[in-house]
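*Asks:* missing the sequence, but the structure's below:
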């Protein structure tokens, strides 16, 4: 059987992993650098204008370098998939370290999460916006305004769902997990990650139709909020609001499924 020709990138991987060749490492960084711009661009769409995309890119470069250093080609995992998770983790960890989200906004996000959790348990169905507003003691207009402010935090919140992280606990961050020995898998961690992903998948299935569509199109299909708005026939700001509500519902349901107490 005729062997497939070895590409330049494959030669770079072999050279770097076998000898630590710095030139091969530099070529790998340059080759995969578009991944950083892609991830930073997607995350920046739901962040305040005060957060520069260029800053996100600089944070993400460290994640890319970390991914290249720790990647093991022999495990048969596609590098792009592995690197995107590392790049996201590096950007999110830096944003959390900068604490760009006001504590008052975080507090109101937890209030809404708790309201979703309490009402779903009480009503045995998805509560309406009017019911959520009444539970919080605010008007629907005030709820809409609050959701608009919370839209800046929802991208980070969704990423944290996959790792079981809590936005009030800086321990166990994705950046910290990068120092683990990836040559050996922790059976407990593998089981917990599998269980969490199943919980999250079930929670997504229970979302209202439009919120589920937004989550699917944004995170699984890779569409922008503007593109999703065109598909659903709504404005980009409406898509952002649907996204925020979906993330808050998901966080509440995951806490309930894991037997955790309401957020405080």
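*Replies:* Received it, and whenever you're ready, just let me know what you need. All values derive from a computational prediction rather than experimental measurement.
*Asks:* distance from the chain centre to stretch 71-85, please.
*Replies:* Distance of stretch 71-85 from the chain centroid (Cα atoms, centre = their mean, to the nearest Å) equals 18 Å.
*Asks:* go on, stretch 106-117?
*Replies:* Chain-centre distance of stretch 106-117: 19 Å, with Cα atoms, centre = their mean.
*Asks:* report the buried residues of it.
*Replies:* 106, 108, 109, 110, 111, 112, 113, 114, 115, 116, 117 (16 or more other Cβ atoms under 10 Å). Bear in mind the C-beta positions are built from the backbone N, C-alpha and C, glycine included.
*Asks:* flag whichever of these scores worst on pLDDT.
*Replies:* Model confidence across the buried residues of stretch 106-117 bottoms out at residue 106, which has 75.
*Asks:* doesn't residue 217 make contact with residue 231?
*Replies:* Yes. Shown here, residue 231 and residue 217 form a contact pair, counting by Cβ atoms under 8 Å, at 6.8 Å.
*Asks:* the two - which one has more neighbours?
*Replies:* residue 217 (19 against 13; other Cβ atoms under 10 Å).
*Asks:* is it true that that one touches residue 228?
*Replies:* Yes. With contact defined as Cβ under 8 Å, residue 217 reaches residue 228; the gap is 4.8 Å.
*Asks:* for the protein, what spans make up the strands?
*Replies:* In the chain, no strands are defined using DSSP state E.
*Asks:* quick one, helices of it?
*Replies:* Per DSSP state H, the chain carries helices over the ranges 8-19, 22-44, 53-70, 79-98, 103-123, 129-136, 140-163, 174-177, 187-205, 209-215, 225-232, 236-257.
*Asks:* show me what the fifth one is packed up against.
*Replies:* Counting contacts by 3 or more Cβ pairs under 8 Å, 6 or more residues apart in numbering; DSSP states H and E, helix 103-123 packs against helix 129-136, helix 140-163, helix 236-257.
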